[in-house]
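Asker: Attaching a predicted model along with its sequence, questions to come.
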Amino acid sequence: MSAHAALAGAIQVASLSTAVIWRTVAPGPNFAPRTAALLGTVAAAWVALLVTRRHFMTWSSALRMLGLGLLLPMIWIVAIVLCEVSVPFAITAPIFGLVFLAFCPLYLWGAFVGGLRGSQSIAARLLGR
């Protein structure tokens, strides 16, 4: 396995695990502060990573990577929420709900492909390719 593939896979796993952590921690009466704290932690981790690689990239490239790094977990979060919403919708409105429930694997596949492309882009920039 190449270093590029390993790094892209690690970024994808980190993005998905952030989305799962958000799903288990954020819901409840303190939704906004919990979400802000989680995304702030993710942003701090990306900033720390980018500071260690500051000799390989410009500020604009680093900001683009930071934005993409924060976007990757959000892609997974949106896919998970869409799948969660489609289940009760399928129960309450069977005809239309089952159609939306059938799209749930497509939402997750789209999140995987989008996250993979973003992870590969970040990995290539971090490795100086």
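Answerer: The structure has been received and is ready for your questions.
Asker: what helices or strands is the lowest-mean-pLDDT helix or strand in the chain leaning on?
Answerer: Of all helical and strand segments in the chain, the minimum by mean pLDDT, DSSP states H and E falls on helix 94-102, at a mean of 82. Of the remaining helices and strands, those touching helix 94-102 by 3 or more CB pairs under 8 Å, 6 or more residues apart in numbering; DSSP states H and E are helix 59-92. Glycine gets a C-beta too; all of them are placed from N, C-alpha and C.
Asker: just how off-centre is the helix it packs on within its chain?
Answerer: 5 Å (CA atoms, centre = their mean, to the nearest Å).
Asker: what comes up buried for that helix?
Answerer: Buried residues in helix 59-92, defined by neighbour count with 16 or more other CB atoms under 10 Å: 62, 65-66, 68-69, 72-77, 79-80, 82-83, 86, 89-90.
Asker: Please pick out the residue of the protein most distant from its centre.
Answerer: The centre of the chain is farthest from one residue, I95, which by CA atoms, centre = their mean lies 31.0 Å away.
Asker: Can you check what angle separates the least confident helix or strand of the chain from helix 59-92?
Answerer: For helix 94-102 against helix 59-92, the angle between stretch directions is 150 degrees (axes from the mean of the first three to the mean of the last three CA atoms, to 10 degrees).
Asker: start at 24 instead
Answerer: Yes, from this point I'll number from 24; that puts the last item at helix 117-125.
Asker: Flag every buried residue along helix 117-125.
Answerer: Along helix 117-125, these residues count as buried under the neighbour rule (16+ other CB under 10 Å): G120, F123, L124.
Asker: Give the closest residue to G120 in space, chain neighbours not counted.
Answerer: On the basis of CB to CB, 6 or more residues apart in numbering, the spatially nearest residue to G120 that is not a chain neighbour turns out to be A113, at 3.4 Å.
Asker: Can you give me the pLDDT of the one you found?
Answerer: With respect to pLDDT, A113 has a value of 84.
Asker: cool, F54 as well?
Answerer: The predicted local confidence for F54 comes out at a pLDDT of 84.
Asker: Can you report how many residues neighbour it?
Answerer: As a burial measure, F54 scores 11 neighbours (other CB atoms under 10 Å).
Asker: now A68
Answerer: Neighbour number of A68 under other CB under 10 Å is 13.
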